[in-house]
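In: Below are the sequence and a predicted model; questions follow.
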Amino acid sequence: MEELLTPQEMARVDALAGKEAALVAAAGRAVARAVMRRYAPCRVVVLAGPGNNGADGRVAGRFLAQAGWPVKILAVTEATVTEVARADLVIDAVFGAGLSRNIGPDVAALLAAANRIVAIDAPSGVDGATGQVRGFAAQAELTVTFFRRKPGHLLYPGRGLCGETVLAQIGILAPVLDAVAPRTWRNEPWLWTLPRRPATGHKYTGGDVTVLSGTMPGAARLACAAARRAGAGMVTLLADQPMFLPEAGLIVRHDPLETMLQDQRRNVWVCGPGLGVSRAGAALAALIGAGRKIVADADALTACAGAPETLRGVAVITPHAAEFSRVFGPIGDDKLTAARRAAAACGAVVVLKGADTVIASPDGRAAINDNAPPWLATGGTGDVLAGMIAALLARQMPAFEAACAGVWVHGEAAFLAGEGMVAEDLPVRVAEVLARPLEKNASPKA
């Protein structure tokens, strides 16, 4: 399990670990080794800031020089743009992930002049807690950080500016985390366990998912297909009008919602995709009143615009940025904090979708997902995700774990589908991901 530490939490880890000189030496060696693994010997300039980041850079520069590389170690207050521009490789050891103010124009000019950059901890100007840019940040080819990643390594734009991120262990022992008690993780299979099917189970022990369909039935059908492939024992599409359905195994009902709610086996519902805003609002209120587990998306969220309290009783919501803003207000510069506040406000697990999806629980836990490929951003994939999460809830996964697992499997399925995929390609790929052993050391592909 990989915890993500804010810069403040990492500072506390450093203080608890002690032996500052030994940690600086180990960090500097790790940077030098990462450089030597990826580059041929070349002219290197180390831009060293005044703090520990600068100390790490000086050690890295000395190790490279001992290995025969031509190295200049320059204090950032004394370096010139010309010296930086002449270097083949610049080691950015100016500020690191804990910067609490905007980069000044003099430092920005130095970093902008660099041809290729290796950043220590984070590119200077990238906020390690939020991934936002403080004034200016240059593109790094490689970032070497220590002990644990920061949220800013996984959140955009910081994630893109880091280039390849290498996590180096420098002798800090994991038990110090007990005192820090981090509440944010990188989303990967270490964080959750998929449910196993009992040997004597039947379709109802796999759980029942009902998906409401309305003005755009294609969205509901995608959610149904995903729920079936993700292991729900029974999936029903509750439609307000007859429709042609080529899926032989999908059950379609046209009963009133009140009638369907009398069946207590219908324990998980998907409300919102393609439903229409007015119908979604009324249906959501009825489902909450009946005490069902609900995944709310799309029109159900728009129906709650400006009123997050009306979502209380929902298990999971899956907004994209615009839907989130309609309900909770602007996300602002801190996506992680915004998702946490939203979860606390509505009492549901929030899946704030994007290239850096954040999953936040009302109890303060949060995970950041980093395995989604760019081609996942296409119409209908959110409906697939809602159906997957509903199936995992029906299989008795807790809401936070079901949301985290659904998001990760969703990303893996998109990689299997490949560039050019459409939403209809995903459900079969979801089944393929779930059928294989989930590696506990899953690595990001994006």
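Out: Great, that's in hand.

In: would you list every one of the helices in the stretch 1-150 of the chain?
Out: Taking DSSP state H, counting those that start in this stretch as the criterion, the stretch 1-150 of the chain carries its helices at 7-17, 20-38, 52-66, 81-86, 105-112.

In: so what secondary structure elements neighbour the second one?
Out: What that stands for is helix 20-38. helix 7-17, helix 52-66, strand 89-93, strand 117-120, strand 142-146, strand 164-168 (3 or more C-beta pairs under 8 Å, 6 or more residues apart in numbering; DSSP states H and E). To be clear about C-beta, it is placed using only N, CA and C from the backbone, and glycine gets the same treatment.

In: Tell me where the model's unsure across this protein.
Out: Filtered on pLDDT under 70, the chain yields the residue ranges 244-246, 248, 439-446.

In: can I see the domain layout of the protein?
Out: 7-182, 189-435 (automatic domain parsing).

In: can you tell which of these is closest to residue 1?
Out: For those, proximity to residue 1 was assessed by C-beta to C-beta; domain 189-435 is nearest, at 4.0 Å.

In: Quote the end-to-end distance of the closest one.
Out: 14 Å (C-alpha to C-alpha, to the nearest Å).

In: coming back round to it: please identify the most buried of the helices and strands packed on helix 20-38.
Out: strand 117-120 (a mean of 30; mean count of other C-beta atoms under 10 Å).

In: Adjacent strands (with direction) for that one?
Out: For strand 117-120, the pairing partners within the sheet under DSSP bridges are strand 89-93 (parallel), strand 142-146 (parallel).

In: which non-adjacent residue is nearest residue 65?
Out: In space, and not counting its chain neighbours, residue 65 is closest to residue 71: 4.4 Å by C-beta to C-beta, 6 or more residues apart in numbering.

In: can you tell me how far that neighbour sits from residue 43?
Out: Noted for residue 71: a distance of 8 Å to residue 43, by C-beta to C-beta, to the nearest Å.

In: okay, these two: which has more neighbours?
Out: residue 71 (22 against 14; other C-beta atoms under 10 Å).

In: Residue 59 is in contact with that one, correct?
Out: No: using C-beta atoms under 8 Å, residue 71 is not in contact with residue 59, being 11.6 Å away.

In: For stretch 318-329, which outside residues touch it?
Out: Stretch 318-329 has contacts (C-beta atoms under 8 Å, 6 or more residues apart in numbering) with 295-298, 301-302, 304-308, 311, 331, 338, 341-342, 345-346, 350-354, 382, 385-386, 389, 403.

In: So for that stretch, what gets flagged as buried?
Out: Residues of stretch 318-329 classed as buried by neighbour count (16 or more other C-beta atoms under 10 Å): 318-320, 323-324, 327-328.

In: Among these, name the ones in helices.
Out: Among the buried residues of stretch 318-329, the ones falling in helices (DSSP state H) are 323-324, 327-328.

In: Now for residue 80: which residues touch it?
Out: residue 110.

In: For it, what are phi and psi?
Out: Main-chain dihedrals, residue 80, degrees, to the nearest 10: phi -120, psi 160.

In: thinking again about what came up before, what's the closest of the buried residues of stretch 318-329 to residue 188?
Out: Set against residue 188, the nearest of the buried residues of stretch 318-329 by C-beta to C-beta is residue 318 (19.4 Å).

In: Just give me the neighbour total for residue 174.
Out: Going by other C-beta under 10 Å, the residues that sit close to residue 174 add up to 11.

In: ok, back up a step: I'd like the ones in helices among the buried residues of stretch 318-329 as CSV, with distance to residue 37 appended.
Out: Shown next, in CSV, are those (distance: C-beta to C-beta, whole Å):
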residue, distance to residue 37
323, 43
324, 40
327, 46
328, 44
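
In: Kindly indicate which of those lies nearest residue 223.
Out: Using C-beta to C-beta, those come closest to residue 223 at residue 323, 15.7 Å.

In: For the most centrally placed residue in the chain, which residues are in contact?
Out: In the chain, the residue lying closest to the centroid (C-alpha atoms, centre = their mean) is residue 369, at 2.2 Å. Contact analysis of residue 369 by C-beta under 8 Å, 6+ apart lists 187, 356-359, 404, 407-408, 411.

In: any idea how far residue 197 lies from residue 315?
Out: From residue 197 to residue 315 the distance is 22 Å (C-beta to C-beta).

In: For the two, indicate the residue with more neighbours.
Out: Ranked by neighbour count (other C-beta under 10 Å), residue 197 and residue 315 place residue 315 first, with 22 against 11.

In: Tell me, how many residues neighbour the residue lying closest to residue 7 once chain neighbours are set aside?
Out: Leaving aside its sequence neighbours, residue 7 sits nearest to residue 98 (C-beta to C-beta, 6+ apart; 3.7 Å). Neighbourhood size, residue 98 [other C-beta under 10 Å]: 19.

In: With residue 130 instead?
Out: For residue 130, the tally of surrounding residues (other C-beta under 10 Å) stands at 22.

In: Quick check: the gap between it and residue 433.
Out: 30 Å.

In: now residue 2
Out: For residue 2, the distance to residue 433 - C-beta to C-beta - is 20 Å.

In: Please say which of these two ends up with more neighbours.
Out: More crowded of residue 2 and residue 433, by other C-beta under 10 Å: residue 433, with 20 against 14.

In: Quickly find the element holding that one.
Out: helix 426-435 (DSSP states H and E).

In: In terms of secondary structure, what does that helix contact?
Out: Counting by 3+ C-beta pairs under 8 Å, 6+ apart, helix 426-435 packs on helix 217-229, helix 381-394, helix 399-417.

In: and those helices, which is most packed in?
Out: Greatest burial across these, using mean count of other C-beta under 10 Å, falls to helix 381-394, with a mean of 30.

In: quick one, it and helix 426-435 angle?
Out: Counting by axes from the mean of the first three to the mean of the last three C-alpha atoms, to 10 degrees, helix 381-394 lies at 40 degrees to helix 426-435.

In: Would you map the strands across the stretch 251-400 of the chain?
Out: Using DSSP state E, counting those that start in this stretch, the strands of the stretch 251-400 of the chain run over residues 251-253, 268-271, 293-296, 316-317, 349-352, 358-360, 366-368.

In: got CSV for the ones you listed, with distance to residue 213 and mean neighbour count too?
Out: Below are the strands of the stretch 251-400 of the chain laid out as CSV (distance: least, C-beta to C-beta, whole Å; neighbours: other C-beta atoms under 10 Å):
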stretch, distance to residue 213, mean neighbour count
strand 251-253, 8, 14
strand 268-271, 10, 31
strand 293-296, 14, 28
strand 316-317, 19, 28
strand 349-352, 21, 29
strand 358-360, 26, 30
strand 366-368, 31, 27
